[in-house]
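the following comprises the amino acid sequence and a computationally predicted model.
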Amino acid sequence: MPPNSPDLNPLDYAVWSIHEEKACQKPHPNVESLKKALKKAWKEITLETLEKIVDNFLKRLKACVDANGGYFE
C-alpha cells in the first residue's frame, strides 16, 4: 500500500464523504457557493462523529497489517 493511501487517511475515508454528502446535494452555480456549502458542512460535523472516525483509525491500521499492506475495503 502506498504511503499516501486513502485507506489510512481519515480525511479521505471519512471526512470528505461527509462533506460530499452534505455540500454537494445540489449543483452550485459558482465556486463561492461551493465554498460556503463546504464550510457549513464542516461546522455541522459533530465532535462525536470525529471521535468515531479517530476510533476507527486503529481498526483500519490493523486491517492494513492483516492485509500485508494490501487493500482491505
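Structure received. Numbering: from 1, shown residues only.

going forward, measure contacts and count neighbours with C-alpha atoms only.
Noted.

tell me how many other residues crowd residue 57.
17 (other Cα atoms under 10 Å).

ugh, wrong one, I meant residue 68
11.

what packs against the helix or strand of the chain with the lowest mean pLDDT?
When the helices and strands of the chain are scored by mean pLDDT, DSSP states H and E, helix 10 comes last with a mean of 78. Using 3 or more Cα pairs under 8 Å, 6 or more residues apart in numbering; DSSP states H and E, the elements in contact with helix 10 are helix 47-66.

hmm, residue 17 and residue 42 touching each other?
No: checked against Cα atoms under 8 Å, the pair residue 42 and residue 17 is beyond contact range at 11.4 Å.

the two: who's more crowded?
residue 42 (16 against 12).

low-confidence stretches in the chain?
Low-confidence segments of the chain, defined by pLDDT under 70: 1-7, 69-73.

secondary structure class of the residue sitting furthest away from the middle of the chain, three-state.
Distance from the C-alpha centroid of the chain peaks at residue 29, with 24.4 Å (Cα atoms, centre = their mean). The local conformation at residue 29, judged by DSSP: H, G, I helix; E, B strand; the rest coil, is coil.

gap between it and residue 50?
Taking Cα to Cα, to the nearest Å as the measure, residue 29 falls 30 Å from residue 50.

and what of residue 43?
Relative to residue 50, and taking Cα to Cα, residue 43 is found at 12 Å.

looking at those two, which one has more neighbours?
Set residue 43 next to residue 50 and count neighbours by other Cα under 10 Å: residue 50 wins out with 14 against 9.

that's all I had, so thanks and see you.
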